[in-house]
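Trainee: A structural model of the following input is requested.
(chains A, B, C and D)
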Protein chains: 2
Amino acid sequence: MANIRDVADSAGVSVATVSRTLQQPERVSPKTRNKVMAAVQAVGYKPNLMAVKFRSGKTHNLVVLVPTVANVFFARVISGMQEAAAELGYSILLANTLGNSEIESHYAKMVSTSQADGLIQLRAFNPFDTSMINDNGLLPMVNACEVIDDGQYPVVSLDNRAAAKAMTEHLISLGHTRIAMIKGPNSSPLTQERLAGYKDALEQANITFDEGMLFPGDFTLQAGYNAGETISRLQKRPSAVFCENDETAIGAMQAFKQANLHVPNDISVAGFDDIAFSAFVDPPLTTIAQPAEEFGRTAVTLLVDLLNGKVRKAPKVIMPFELIVRESTGKA
Amino acid sequence: MANIRDVADSAGVSVATVSRTLQQPERVSPKTRNKVMAAVQAVGYKPNLMAVKFRSGKTHNLVVLVPTVANVFFARVISGMQEAAAELGYSILLANTLGNSEIESHYAKMVSTSQADGLIQLRAFNPFDTSMINDNGLLPMVNACEVIDDGQYPVVSLDNRAAAKAMTEHLISLGHTRIAMIKGPNSSPLTQERLAGYKDALEQANITFDEGMLFPGDFTLQAGYNAGETISRLQKRPSAVFCENDETAIGAMQAFKQANLHVPNDISVAGFDDIAFSAFVDPPLTTIAQPAEEFGRTAVTLLVDLLNGKVRKAPKVIMPFELIVRESTGKA
DNA sequence: ATCTTAAATGAAAACGGTTACATGCTTTTT
DNA sequence: AAAAAGCATGTAACCGTTTTCATTTAAGAT
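Mentor: Residues are numbered from 1 along each chain as shown, chains lettered A, B, ... in the order given. Take a look at the predicted model:
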């Protein structure tokens, strides 16, 4: 592999001149510039970017911790990140962590070992352990989607409480009073916030909250199916089910159909996220649309600003949501 | 940030000893080893892996070009890659290329500029242009899933022709003779192979191939829906539809339902890939299961072997498939 | 006690760039 | 015409490791 010295020799100039020709062409005379460019072609020179990154101390890599790339919503977030990163001259190193904090910790180490400049975490968990904290204090991280809001790191999130309240209000406005909720993992702040929004709406409508209307889930199709089965066998069945994400809702709908319950005539089903499939299931799913790609773009932009020292205090960005009413919800 | 020299000073040894203690502990006496380890702790030393990579000339990064991470099948492939890479000490740099050859070329450049050791391409396209070819000849690449089989690069693929034949035979065995096919993009070799397998089965059953039974698609839900609408309006409607992936099949089923066609009583629908959603749609989808995670694992293993010079000729790995019969296909 | 051999350690070069500083040449100013 | 200023280029230090080679120290053999 030809290096900068080969080019210098071939062009009959010094390595400094070659470097300048490539980095700041205006600082070198047109005559030598041509000589150098010709030499670059002649020897087939490609700068070793590993050397550049090492020398400059900037890797222009960003680590992204994503619980699972197989989740359609995250896939959209990642797409947005990739776009923004490309525009800003950064590369994304994607880590499929499966929510495993050891794997997260492994990848987080890339920041403390100078393999990446910063990190984006899509889960409400701080992946840095004390051994990674450097002397200046915090490592550069942005927390998006599912966040720990302790003011230490910049945050990009949705007002999950307001969104859940909006969806519950929608169901109430259709006449539903027995509204079940299929939750995410209790450990997830998302679940807590959405539950709070659900309760807000009930309270506002003077409907007493019933603990028995809460069903466990973990954001997967299978969990939705399981909860759906349980619900169909219930004596006092709810007339509507609010699921914490679309996968769960689709799984639940499947269980209802197999129990000969018609959606929405017998039971209304609502989701959260608006993944692509939701418009193509039967019936099309009522859900909350999140600007997934925009989440990704914003997180990257924020992190790059942070790296460039453009932000002092950890900013907090709240993304807008939209209630998408389709055909899976109907009158009670 | 403490560097190796700080450790050496703190321990009262040379940098070489520190390096050896960390890389080949057996080559240094237990006494100094302890001294050095203590010093590492004391100064909070973390090796600068950028420097290591630069010095060693090995980045231990692998670039993966994926047409779209939002595709559930690819998401599974990527999960498999991530696992295998972690085991082998490599990191995956994921590039969401949207099938755009300029973006592919951009990321492919990471290999020729020493930012990554090798590349995995999931599309039938050679991302290297002549400017990237180095003097030794080919750049290290493995082609998986959708492949160009010209013998230049290692290949991991499915026998798409046999799989499509198996699915078509299944439909024929149910008594179907008018079998439509919703295709992928014509430019994709996948489409050509699957079409060939479809024709094989027809010929074997003495059914004349009808060009009019072929419908365009691009592997998306929307394309499946569009083709499904077209098919439902047909005068001489087929009794079965074979879709080139599950998204297409799910989209088509939705269109059939809206046209009041019952699946499978009025029309059978078959997919390809066995994504998670396929078991949770109504009716559950008959499809071809591909070992997606295994695809990823194999591609990574092959590439690492290639990098270590363990393979001479480009190997060709054919992964097994499985026909999954669910409820979306029935008697004609 | 002396010589040979092996093990442990240190000094310094190397990886491939960037860049501060020095040098030489040309042009402008007086 | 001499001095000052500006521009183009070269020299060499530097980034943080690894590694070769030389040197010192310890151990074993006679």
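Trainee: report how many residues lie close to A:S114.
Mentor: 22 (other CB atoms under 10 Å in any protein chain shown). In this view, the C-beta of every residue, glycine as well, is placed from N, C-alpha and C.
Trainee: next, it: secondary structure please.
Mentor: The three-state assignment at A:S114 reads coil, by DSSP: H, G, I helix; E, B strand; the rest coil.
Trainee: quickly note the distance from it to chain B.
Mentor: The spacing between A:S114 and chain B, counted by CB to the nearest CB, to the nearest Å, is 5 Å.
Trainee: which one is A:M213 nearest to, not counting chain neighbours?
Mentor: Excluding its sequence neighbours, the residue lying closest to A:M213 (CB to CB, 6 or more residues apart in numbering or on different chains) is A:A180, at 4.6 Å.
Trainee: looks to me like that neighbour is in a strand.
Mentor: Yes: counting by three-state DSSP, A:A180 is part of a strand.
Trainee: residue contacts, A:R123?
Mentor: Neighbouring residues of A:R123 by CB atoms under 8 Å, 6 or more residues apart in numbering or on different chains: A:L65, A:P67, A:T97, A:G99, A:E104, A:C145, A:E146.
Trainee: how close does A:A314 get to A:Q152?
Mentor: 6 Å (CB to CB, to the nearest Å).
Trainee: and the residue nearest to A:M213, what are its bridge partners?
Mentor: With DSSP bridges as the criterion, A:A180 is bridged to A:V241.
Trainee: wait, it sits on A:F242?
Mentor: Yes: here A:A180 reaches A:F242: they are 7.1 Å apart, a contact under CB atoms under 8 Å.
Trainee: and these two? which has more neighbours close in?
Mentor: Using other CB under 10 Å as the criterion, A:A180 and A:F242 rank with A:F242 on top: 31 against 26.
Trainee: hmm, the more buried one is touching A:T168, no?
Mentor: Yes: counting by CB under 8 Å, A:T168 is a contact partner of A:F242 at 6.3 Å.
Trainee: any residues in contact with both of those two?
Mentor: Going by CB under 8 Å, 6+ apart, residues that sit against A:F242 and also against A:T168 are A:I179, A:Y198.
Trainee: buried set for stretch A:16-36?
Mentor: Applying a neighbour-count criterion of 16 or more other CB atoms under 10 Å in any protein chain shown, one finds A:T17, A:V18, A:S19, A:R20, A:T21, A:L22, A:V28, A:T32, A:R33, A:K35, A:V36 buried in stretch A:16-36.
Trainee: what's the answer for stretch A:229-248, then?
Mentor: Here stretch A:229-248 shows A:229, A:231-232, A:238-248 as buried, counting by 16+ other CB under 10 Å.
Trainee: any idea which of those is closest to B:Q192?
Mentor: A:E247 (33.4 Å; CB to CB).
Trainee: spit out the contact partners of the residue lying closest to the closest one once chain neighbours are set aside.
Mentor: Nearest non-adjacent residue to A:E247, counting by CB to CB, 6+ apart: A:L221, 5.0 Å away. Contacts of A:L221 were listed using CB under 8 Å, 6+ apart, and they are A:E247, A:T248, A:I250, A:G251, A:Q254, B:A276, B:F277, B:A279, B:F280.
Trainee: will you turn the contacts of A:R123 into JSON lines that also has neighbour count, distance to DNA strand C and secondary structure?
Mentor: What follows is the contacts of A:R123, written out as JSON lines (neighbours: other CB atoms under 10 Å in any protein chain shown; distance: CB to the nearest atom of the strand, whole Å; DSSP: H, G, I helix; E, B strand; the rest coil):
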{"residue": "A:L65", "neighbour count": "25", "distance to DNA strand C": "30", "secondary structure": "strand"}
{"residue": "A:P67", "neighbour count": "22", "distance to DNA strand C": "37", "secondary structure": "coil"}
{"residue": "A:T97", "neighbour count": "26", "distance to DNA strand C": "32", "secondary structure": "coil"}
{"residue": "A:G99", "neighbour count": "16", "distance to DNA strand C": "38", "secondary structure": "coil"}
{"residue": "A:E104", "neighbour count": "23", "distance to DNA strand C": "31", "secondary structure": "helix"}
{"residue": "A:C145", "neighbour count": "26", "distance to DNA strand C": "36", "secondary structure": "coil"}
{"residue": "A:E146", "neighbour count": "20", "distance to DNA strand C": "39", "secondary structure": "coil"}
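Trainee: now those as TSV including distance to B:P185 and pLDDT?
Mentor: What follows is these, written out as TSV (distance: CB to CB, whole Å; pLDDT from 0 to 100):
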residue	distance to B:P185	pLDDT
A:L65	33	96
A:P67	31	90
A:T97	33	88
A:G99	35	86
A:E104	37	93
A:C145	32	95
A:E146	36	93
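Trainee: of all these, which two lie farthest apart?
Mentor: Spatial extent of the contacts of A:R123 (CB to CB) is set by the pair A:E104 and A:C145 at 14.5 Å.
Trainee: OK, contacts around A:P140?
Mentor: Neighbours of A:P140 in contact, by CB under 8 Å, 6+ apart: A:V111, A:D117, A:G118, A:L119, A:L303, A:L306, A:L307.
Trainee: all set, thanks.
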